[in-house]
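Asker: need coordinates for the below:
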Amino acid sequence: MTIRSCGSCLALVALLVGPVASAQETAGGFAGFLTGGRMDIKLRTYYMDRTYEPTFAAPREEQQALAVGGWFDWETGRWHGIGFGVSLYTSQKLYGPEDKGGTNLLAPGQQGFSVLGQAWMEAKAGKTTVRLFRQKIDTPFLNFRDTKMAPFTFEAYTVENRDVPGLLAMVSYVTKIKTWTSTQFVTLGENAGFETASPLTLAGLDWKSPGKAVRLQAWNYYDAGQWNTFYAQADGTLPLGKGFSTTLSGQWIDQRGREGGAYGPFSTWMGGAMATFDWRGCEAGFAFTDTSDGYMIVNPWAGYPGFTSIMEEDNNLAAERAWLLTATVDLGIVGVPGLRVHWDRTRSHIVNPPLGMSHKDQYENDVTVDYYFRGPLEGLAIRARAAWVESALSQYSLSGRDYTDYRMILNYALPLTPLLRR
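Answerer: All right, here's what the predicted structure looks like:
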């Protein structure tokens, strides 16, 4: 869809929603529309160093970069229920040898980039919201993956409704995608390297009970040229007394490839279960996932929602079984507010590995340390992450491959909304 045709859609929605939403007009009329929204800057500095150890088939490889940037968000107030928003993202190189690319902090060739990642119009009528054009999407299989310098965003046309208490009903028609380092939006097929360029239609229901003790989700992703993916998840939290609680979760994926698609016809599934125990913000848990031996779970467009998908490996190959141990400690309980330490460990293996694949088990250990400043430095946060992967599994690896990944991220959120009020 072109920008010109998108403009026609915006005008149509304004005509349809305007009369219904007139009661929601921002105080102060059009002036309130311009000054009644929000404006923010988020600054980010990011260092990453990932090193792959040599094998008989591949030499030692290092990916390294230091980038600085962030993004600028501006969202208007509402005028007759209509609002607009834009987000500009940038990442600029401080350090990044050309022969050490691959971190996805910088554009190909270790170059800095800037892009208008969001540019949307939103119309609200009652508890129904329509959002058009460039936007973030946050669903299990299509999401913004804010783990590098700039998130994934999409050209999409989305309707959300919240008339039923606790229930989000959502439909979105997604035509294009911008990934971590993209400077332009391309079709989903082009981004994944496919010859087809069919859009994706997603629909979902996400219900939370009063008090949010129970959450049920069901999502379907339909790409006429590639596949259909169904995802469901259920979570329930039980209080155990004296500040303790437990959350039990289950997930299910059913995926069917289409004749003529990039992967051809296929049928696969994944099931997972997870249990976590919480005490005063500290957590411990374990999880298990099992993928069908028919085919791997395919998702070239965003993050994978499997319980055992952590910092590096998704554990979504055909016939892959994975186990997760996880723990989080909030050191505020011992007088250090703002400091949190998180640990994940997975072990996975392929049942009856095919010819050309490693027979070794795969192990991953991740540690994340977050510190959120308070007082005059509120808004500043430091994150340190490290991952150690042993015998990384691949469909094309005879022995697996070991690698390490070290990251340091500095975030500073600077609200500029008060400037709009002047």
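Asker: just the pLDDT for the most centrally placed residue in the chain.
Answerer: Central residue check for the chain by CA atoms, centre = their mean: the C-alpha nearest the mean position is that of residue 145, 2.8 Å away. Looking at residue 145, its pLDDT reads 94.
Asker: residues contacting it?
Answerer: 151, 152, 180, 302, 303 (CB atoms under 8 Å, 6 or more residues apart in numbering). For every residue, glycine as well, the C-beta is placed using N, CA and C.
Asker: repeat that for 10 Å
Answerer: For residue 145, the contacting residues are 104, 138, 151, 152, 153, 179, 180, 301, 302, 303, 304, by CB atoms under 10 Å, 6 or more residues apart in numbering.
Asker: what does residue 309 give?
Answerer: 272, 287, 289, 297, 303, 315, 316, 322, 324, 344, 346.
Asker: could you rerun that using 7 Å?
Answerer: The neighbours of residue 309, taking CB atoms under 7 Å, 6 or more residues apart in numbering as the test, are residue 315.
Asker: just the one 5 residues further on next, same as before
Answerer: Contacts were defined as CB under 7 Å, 6+ apart; by that measure residue 314 touches 304, 306.
Asker: can you show me the strands along the stretch 101-250 of the chain?
Answerer: For the stretch 101-250 of the chain, the strands defined by DSSP state E, counting those that start in this stretch cover 113-125, 128-135, 153-161, 167-178, 186-187, 200-208, 214-223, 227-241, 244-257.
Asker: mean pLDDT added to those, as JSON lines?
Answerer: What follows is the strands of the stretch 101-250 of the chain, written out as JSON lines (pLDDT from 0 to 100):
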{"stretch": "strand 113-125", "mean pLDDT": "97"}
{"stretch": "strand 128-135", "mean pLDDT": "98"}
{"stretch": "strand 153-161", "mean pLDDT": "98"}
{"stretch": "strand 167-178", "mean pLDDT": "97"}
{"stretch": "strand 186-187", "mean pLDDT": "94"}
{"stretch": "strand 200-208", "mean pLDDT": "97"}
{"stretch": "strand 214-223", "mean pLDDT": "97"}
{"stretch": "strand 227-241", "mean pLDDT": "96"}
{"stretch": "strand 244-257", "mean pLDDT": "97"}
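Asker: make TSV out of the ones you listed and add mean neighbour count and distance to residue 354.
Answerer: Formatted as TSV, those follow (neighbours: other CB atoms under 10 Å; distance: least, CB to CB, whole Å):
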stretch	mean neighbour count	distance to residue 354
strand 113-125	20	39
strand 128-135	21	40
strand 153-161	21	35
strand 167-178	18	31
strand 186-187	16	32
strand 200-208	18	30
strand 214-223	18	27
strand 227-241	16	21
strand 244-257	17	18
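Asker: how about those, which one is nearest residue 376?
Answerer: Closest approach to residue 376 among those (CB to CB): strand 113-125, 30.3 Å.
Asker: if we can go back for a sec, can you tell me which of the contacts of residue 145 is nearest residue 406?
Answerer: Distances from residue 406 to these, taken as CB to CB, are shortest for residue 104 (15.1 Å).
Asker: skipping adjacent residues, who's closest to that closest one in space?
Answerer: With sequence-adjacent residues excluded and distances taken as CB to CB, 6 or more residues apart in numbering, residue 104 is closest to residue 180, at 4.5 Å.
Asker: dump the residue contacts of that neighbour.
Answerer: Shown in contact with residue 180 (CB under 7 Å, 6+ apart): 104, 148, 150, 152.
Asker: do that again at 10 Å, thanks
Answerer: 89, 91, 103-107, 113, 145-152.
Asker: out of the residues you listed, the closest to residue 334 would be?
Answerer: Within the contacts of residue 180, the smallest distance to residue 334 is 28.8 Å, found for residue 147 (CB to CB).
Asker: my read is that the closest one contacts residue 385, right?
Answerer: Yes. Residue 147 lies in contact with residue 385 (CB atoms under 10 Å); the separation is 9.4 Å.
Asker: what residues are shared contacts of these two?
Answerer: Counting by CB under 10 Å, 6+ apart, the common neighbours of residue 147 and residue 385 are 311, 407, 409.
Asker: the helices in the stretch 51-200 of the chain, which residues?
Answerer: Taking DSSP state H, counting those that start in this stretch, the helices of the stretch 51-200 of the chain run over residues 188-192.
Asker: beta partners of residue 170?
Answerer: residue 160, residue 204 (DSSP bridges).
Asker: isn't it right up against residue 140?
Answerer: No. Checked against CB under 10 Å, the pair residue 170 and residue 140 is beyond contact range at 11.8 Å.
Asker: what's the overlap in contacts for these two?
Answerer: 202, 204, 206, 219.
Asker: what is the nearest of those to residue 127?
Answerer: Taking CB to CB as the measure, residue 127 lies nearest residue 206 of the shared contacts of residue 170 and residue 140, at 14.3 Å.
Asker: now do the contacts for the closest residue to that closest one other than its chain neighbours.
Answerer: Nearest non-adjacent residue to residue 206, counting by CB to CB, 6+ apart: residue 168, 4.4 Å away. By CB under 10 Å, 6+ apart, residue 168 lies in contact with 160, 161, 162, 204, 205, 206, 207, 208, 217.
Asker: which of those sits closest to residue 128?
Answerer: residue 161 (4.8 Å).
Asker: gap between the residue nearest to the centre of the chain and residue 400?
Answerer: 25 Å (CB to CB, to the nearest Å).
Asker: and for residue 307?
Answerer: Residue 307 is 22 Å from residue 400, by CB to CB.
Asker: and for residue 83?
Answerer: Distance from residue 83 to residue 400, by CB to CB: 50 Å.
Asker: over to residue 315?
Answerer: Plainly put, residue 315 is 13 Å away from residue 400 if you go by CB to CB.
Asker: of the two, who's got more company?
Answerer: More neighbours surround residue 315 than the other of residue 315 and residue 400, with 28 against 19 (other CB atoms under 10 Å).
Asker: contact partners for that one?
Answerer: Counting by CB under 10 Å, 6+ apart, residue 315 makes contact with 270, 272, 289-291, 297, 304, 306-309, 321-324, 346-349, 362, 364, 393.
Asker: and what of residue 159?
Answerer: 123, 128, 129, 130, 131, 132, 169, 170, 171, 172, 173, 203.
Asker: switch to 6 Å and redo it
Answerer: 130, 171 (CB atoms under 6 Å, 6 or more residues apart in numbering).
Asker: low-confidence ranges, the chain, go.
Answerer: For the chain, the stretches flagged by pLDDT under 70 are 1-28, 395-397, 420-422.
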